[in-house]
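> Got a predicted structure here, sequence first:
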2 protein chains.
Amino acid sequence: MASTAHHPLILNAAVLGLGLHMGAWRYREGAPFDYTKIEFYQEIGRIAEAGCLQAVFLADTLAVAEENFERPNFGAMDPTIVLAAVASVTKHVGLVATASTTYNEPYNLARRIATLDHLSCGRASWNIVTTFIPDVAANFGTAELPNHDDRYERAEEFVDVVTRLWDSWEDDALIGDKTTGRFADASRVHAINHRGAHYTVRGPITLPRSPQGRPVLYQSGSSRSGRDLAARFADAVFTPQNTIAAAQEFRTDVRGRTKERGRSPDDIKIIPGLLPILGGTEAEARARKDKLDELGGQAELKKLALRVGLRVEDLKLDEPLPIKLIADNDHFRASEGFRDAVVRLAVEQKLTVREILYRNGGGHVQVVGTPEQVADVIETWHREGAVDGFNLMIDVLPDGLRDFVEQVIPILQQRGAFRREYVGTTLRSNLGLTERH
Amino acid sequence: MASTAHHPLILNAAVLGLGLHMGAWRYREGAPFDYTKIEFYQEIGRIAEAGCLQAVFLADTLAVAEENFERPNFGAMDPTIVLAAVASVTKHVGLVATASTTYNEPYNLARRIATLDHLSCGRASWNIVTTFIPDVAANFGTAELPNHDDRYERAEEFVDVVTRLWDSWEDDALIGDKTTGRFADASRVHAINHRGAHYTVRGPITLPRSPQGRPVLYQSGSSRSGRDLAARFADAVFTPQNTIAAAQEFRTDVRGRTKERGRSPDDIKIIPGLLPILGGTEAEARARKDKLDELGGQAELKKLALRVGLRVEDLKLDEPLPIKLIADNDHFRASEGFRDAVVRLAVEQKLTVREILYRNGGGHVQVVGTPEQVADVIETWHREGAVDGFNLMIDVLPDGLRDFVEQVIPILQQRGAFRREYVGTTLRSNLGLTERH
């Protein structure tokens, strides 16, 4: 495993609906409609910045599913637009927008992320996903969702085009000499003339090179293809990991693949999700968790069934996961990374379905406890080389994030495990990444 | 002609690069890179709101042309993202984002405009264009730019899909009852199940119905197909008109087409562009214009050549427009509305190329004069039923807009020709349109 002694700890605030927990919308004080309001997102941005977090990380979903009638869609609003509103009230925190390579045009998406990078003075990031929800396809034509390998083949070409568009204006292409009237140097702006299997894009992009040169690339998707895509392009990987051992293995694997590509392994950051459920005492934290679970009702069970590719009736609360049923499913069309994380946890720790449900459905690691306990887990995972940091999958927004920033961050700072101020002006610099100019 | 006695005068601030005039970037005080900065757009938003203008109107371009190396691209940044930053510092002014029906997916665009409508509490508008620049096609695949009629056929289907997606959640579909746990009423959220010649979209959209129900639809494009598209869908039409007679004719025609569609002619607003070049005296205004023209160099001549579909060398400064050459061009691929406006003006008023150039290339009407003279033109055109208002094609941003708001708006207000405060909370209400809930 690789040391993280000299790697700055990365902590992002993940924004999914009104909080990751299915019961969040009922638990929180604010209105159930807040996830459509500018103030909701701006407040999250301000709190994240007060805590020196590296970024606000927005999910995206391109379809309405049945469960979205039971709680807010995890990515109802277009993230690039929401993040421009967050950029308006913050100065340092990074802005990560999830967007699909399967259901966007590279020219449009490159331009949107570059626009956000300009507006935020270098804080934009694109979280690359390929979309695994079959229902999305029906909103974009007659073709079915491409299979996993096709999506990743397309994604690789898509990201290549986007990065070349970002590079299509050299740094000094804009001259802006009012006296001579020379505005730009056409010889320093280049068509990319891409002709590939899936995309044909001439370029250049409409914008001068953005402050980061290349906006930060997050990649979500932990399958082999996802890891290879990350190894080639990504600055950071968002992944579901629920044990230190599994996370160490994943991180070592991705760093290795990155090195094979000729890149420094330190230039790819592994950022699993972490769900903190905080209380002043362990008992208070458990009470919060129990209340949330009660309010969430059957939603977690449905989510788990979707995640492993089964029907709700295939899962018995006090029995183990039906591993054979899961393995025999030839029509699995969800996230391989999530499914594999759940199955591994369930098998290794011999969990019943009920126990899996209690542990955030076996996806991202969950800590129900005091601020000290949460800080301990974060510090341990980081020290053990399992992670470069975490996407904080806040249970209830924005209060859960405020609690984290007010209670956990100071502990980490006192221990010297987390910085007290932003070190640079760009997201890239605040992630400890090499500048890409 | 239709009376506008009881129609509120509409004035929008159009944002194109650093100002409409080709010499703007050299004339203004700020940096030539300001068109990529959040402060630039936010300042324009604040000034427009101080003047009670109905909206900030952003252009969009999906390719870089040769002339963009001589001055800023008129639509370099993605407008929907820029306008979220403007929404963050304003409360009343409308936000009009141009976007192409030829190079977007209806599901994505519907969602982006709905997101902006939510974030801005009901101030979003989409300016529908079909893209007439052949170079754009090369950034989106191997197909050439579809011909004019194909683009409009596609646009009609596209807009139909977008409006149905906006309508896919009924007003009261979101319940949000924390006590019972009922979040939304699935029976009030509808798939649209669209299957057409160009698009297949199941829906519904990911978002609850936005504050305006239907964000305002602007339409730009003054050809017959453009007017028919507007008559079916648009709340407002942006059009180049350079004489009162031509504008009256256009307005009467579009209102008639709208009525034929079973809509009230008062529910479609005709908004030509107007380029004010202000000075404390007429001589000062002329000096400003001369200075701008000097700084703009050959750019205006190139723009005129493009606009009428000829080469620069086909135009002789002291001769009339070569009308026959223009008419014989079978390969014309620019805006018919602009070309026809220029030709009509040149013929009716027997102008030389030099005289056309002086008049803003014969596109939008231009007034070089004192605040009183500019106010006179606005009031006269409105009173004569030629327009419902103007998109102010500000010569130099943001100073030209500030001058307009400080010098022209008070005159219009003193004459009772322009309101002193916003009348409603949504753009729709501030345009005097029927609510679409």
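Okay, I see it. The structure presented is a predicted model; accordingly, all values stated were derived computationally and were not measured. Numbering: from 1, shown residues only, chains lettered A, B, ... in the order given.

> Which stretches in chain A count as strands?
For chain A, strands defined by DSSP state E occupy the ranges A:10-15, A:55-58, A:94-100, A:124-129, A:174-177, A:182-184, A:194-195, A:200-201, A:216-220, A:236-239, A:269-278, A:365-369, A:389-393.

> of all of the stretch 251-400 of chain A, which residue lies closest to chain B?
Closest residue of the stretch 251-400 of chain A to chain B, C-beta to the nearest C-beta: residue A:297 (6.2 Å). No exception for glycine: its C-beta is placed from N, CA and C like everyone else's.

> Would you check how far apart residue A:269 and residue A:45 are?
Using C-beta to C-beta, to the nearest Å, one obtains 21 Å as the distance from residue A:269 to residue A:45.

> what's the answer for residue A:253, then?
33 Å.

> what does the lowest-mean-pLDDT helix or strand in chain A rub up against?
None of the helices or strands of chain A scores lower by mean pLDDT, DSSP states H and E than helix A:299-308, at a mean of 88. Applying C-beta atoms under 8 Å, 6 or more residues apart in numbering or on different chains, the contact partners of helix A:299-308 are A:22-23, A:67, A:70-71, A:293, A:311-312, A:314-315, A:321, A:326, A:334-335, A:338-339, A:342-343, A:353, A:356-357, A:361-363.

> so how far is it off the chain centroid?
Centre-to-centre, helix A:299-308 and its host chain are 20 Å apart (C-alpha atoms, centre = their mean, to the nearest Å).

> what does stretch A:80-92 give?
For stretch A:80-92, the distance to the chain centre is 17 Å (C-alpha atoms, centre = their mean).

> hmm, it touching chain B?
Yes. Using C-beta under 8 Å from any C-beta of the partner chain, stretch A:80-92 comes into contact with chain B via A:80, A:81, A:82, A:84, A:85, A:87, A:88, A:89.

> mind checking how far the closest residue to the last one other than its chain neighbours is from residue B:225?
Beyond its immediate neighbours in the sequence, the residue positioned closest to residue A:89 (C-beta to C-beta, 6 or more residues apart in numbering or on different chains) is residue A:42, lying 4.7 Å away. When distance is defined by C-beta to C-beta, residue A:42 is 42 Å away from residue B:225.

> Burial check on the nearest residue to residue A:400 once chain neighbours are set aside, number of neighbours?
With C-beta to C-beta, 6+ apart as the criterion, residue A:400 has its nearest non-adjacent residue at 4.2 Å, and that residue is residue A:394. Number of residues near residue A:394 (other C-beta atoms under 10 Å in any protein chain shown) recorded here: 30.

> Next, give phi and psi for residue A:394.
phi -60, psi 130 (degrees, to the nearest 10).

> can you tell me the residue of the stretch 1-150 of chain A closest to chain B?
residue A:32 (3.0 Å).

> Does residue A:234 touch residue A:127 like I think?
No. In this structure, residue A:234 is not within contact of residue A:127 by C-beta atoms under 8 Å, at 9.4 Å.

> what's the overlap in contacts for the two?
By the contact definition C-beta under 8 Å, 6+ apart, residue A:234 and residue A:127 are jointly contacted by A:218, A:219.

> Mind checking which of the two has more residues around it?
residue A:234 (28 against 25).

> Quick one: residues contacting the more buried one.
A:128, A:217, A:218, A:219, A:268.

> Tabulate those (JSON lines), appending pLDDT, distance to residue B:383 and neighbour count.
Converted to JSON lines, those look like this (pLDDT from 0 to 100; distance: C-beta to C-beta, whole Å; neighbours: other C-beta atoms under 10 Å in any protein chain shown):
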{"residue": "A:128", "pLDDT": "98", "distance to residue B:383": "56", "neighbour count": "26"}
{"residue": "A:217", "pLDDT": "98", "distance to residue B:383": "56", "neighbour count": "25"}
{"residue": "A:218", "pLDDT": "98", "distance to residue B:383": "56", "neighbour count": "27"}
{"residue": "A:219", "pLDDT": "97", "distance to residue B:383": "60", "neighbour count": "27"}
{"residue": "A:268", "pLDDT": "97", "distance to residue B:383": "66", "neighbour count": "25"}
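
> now residue A:435: how far from residue B:219?
44 Å.

> ok, the nearest residue to residue A:116 once chain neighbours are set aside to residue A:58 distance?
Of all residues beyond its chain neighbours, the one nearest residue A:116 is residue A:124 (4.0 Å), with distances taken as C-beta to C-beta, 6+ apart. Residue A:124 is 12 Å from residue A:58, where distance means C-beta to C-beta.

> ditto for residue A:310
29 Å.

> These two: which has the busier surroundings?
Neighbour tally, residue A:310 and residue A:58, criterion other C-beta under 10 Å: the higher count belongs to residue A:58, 26 against 17.

> so that one sits right up against residue A:83, yeah?
Yes. At 6.4 Å, residue A:58 and residue A:83 qualify as touching, with contact defined as C-beta under 8 Å.

> my read: the residue nearest to residue A:89 touches residue B:88, true?
Yes. Between residue A:42 and residue B:88 a contact is recorded at 7.3 Å, counting by C-beta under 8 Å.
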